[in-house]
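S.K.: below are the sequence and a predicted model; questions follow.
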Amino acid sequence: RNFNDSSPPGFLSRLLNVFSLPSSPGAAPSRLKQRKVPVKVEPKVFFANERTFLSWLHTSVTLASISIAIISFSSGEDGSETGQVYGLTLLPVSVCFIVYALRQYTVRAAMIRRREPGPYEDLAGPTVLAGMLMVSIGANFMLKLSQVVRE
């Protein structure tokens, strides 16, 4: 077949043209059909968002409780300062968990109310929080290790 002729494109080329995206901001708009029917939001979507929020809050309250318990048990007569430092470094991490949970809940609830199709996941937030928790635990481990070595 001669590709220079002006015959209509075949099925495969039409299919590929439908999914082509513009390469630059000034390029012609894509041929994707716009969604004319609004996204249907079921009540279970709101409840799933709330369940996720409560799960994050559960984790942060657990971390805060552990932090406060460490602070209170290490503040006795023979308590060491490293225990208090450990508790005090874990407490801001739990507050960051609470702030992240509240932010994600409000952002997702607003997206659901506006009936946006997504994306609803956040890949950076849990990674940053896990990194903060690991750094906190690692720093406290090194602090305790240096204290044991000195004694």
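M.R.: Here it is on my side, so go on.
S.K.: for the rest of this, base every contact and every neighbour count on C-alpha atoms.
M.R.: Will do.
S.K.: quick check: pLDDT value at residue 115.
M.R.: Each residue has a pLDDT score; the one for residue 115 is 84.
S.K.: over to residue 94?
M.R.: Residue 94 carries a pLDDT value of 95.
S.K.: show me what counts as buried in whichever strand or helix holds it.
M.R.: Per DSSP states H and E, residue 94 falls inside helix 81-113. Neighbour-count burial for helix 81-113 flags 82-95, 97-98, 100-102, 104-105, 108-109, 112 (criterion: 16 or more other Cα atoms under 10 Å).
S.K.: can you name every helix or strand that it contacts?
M.R.: helix 43-74, helix 124-150 (3 or more Cα pairs under 8 Å, 6 or more residues apart in numbering; DSSP states H and E).
S.K.: how many neighbours does the closest residue to residue 86 other than its chain neighbours have?
M.R.: Nearest residue to residue 86, sequence neighbours excluded (Cα to Cα, 6 or more residues apart in numbering): residue 140, at 5.7 Å. Neighbours of residue 140 under the rule other Cα atoms under 10 Å: 19.
S.K.: mind pulling up the pLDDT for residue 89?
M.R.: At residue 89, pLDDT is 90.
S.K.: any idea of the pLDDT on the closest residue to it other than its chain neighbours?
M.R.: The shortest distance from residue 89 to any non-neighbouring residue, by Cα to Cα, 6+ apart, is to residue 136 (6.3 Å). pLDDT for residue 136: 93.
S.K.: what's the answer for residue 78, then?
M.R.: pLDDT, read off for residue 78, is 57.
S.K.: so how far is residue 105 from the closest residue to residue 75 other than its chain neighbours?
M.R.: Nearest non-adjacent residue to residue 75, counting by Cα to Cα, 6+ apart: residue 84, 6.9 Å away. Distance, residue 84 to residue 105, by Cα to Cα, to the nearest Å: 32 Å.
S.K.: contacting residues for the residue nearest to residue 75?
M.R.: 70, 71, 74, 75 (Cα atoms under 8 Å, 6 or more residues apart in numbering).
S.K.: tell me, how many residues neighbour residue 121?
M.R.: For residue 121, the neighbour count with other Cα under 10 Å is 9.
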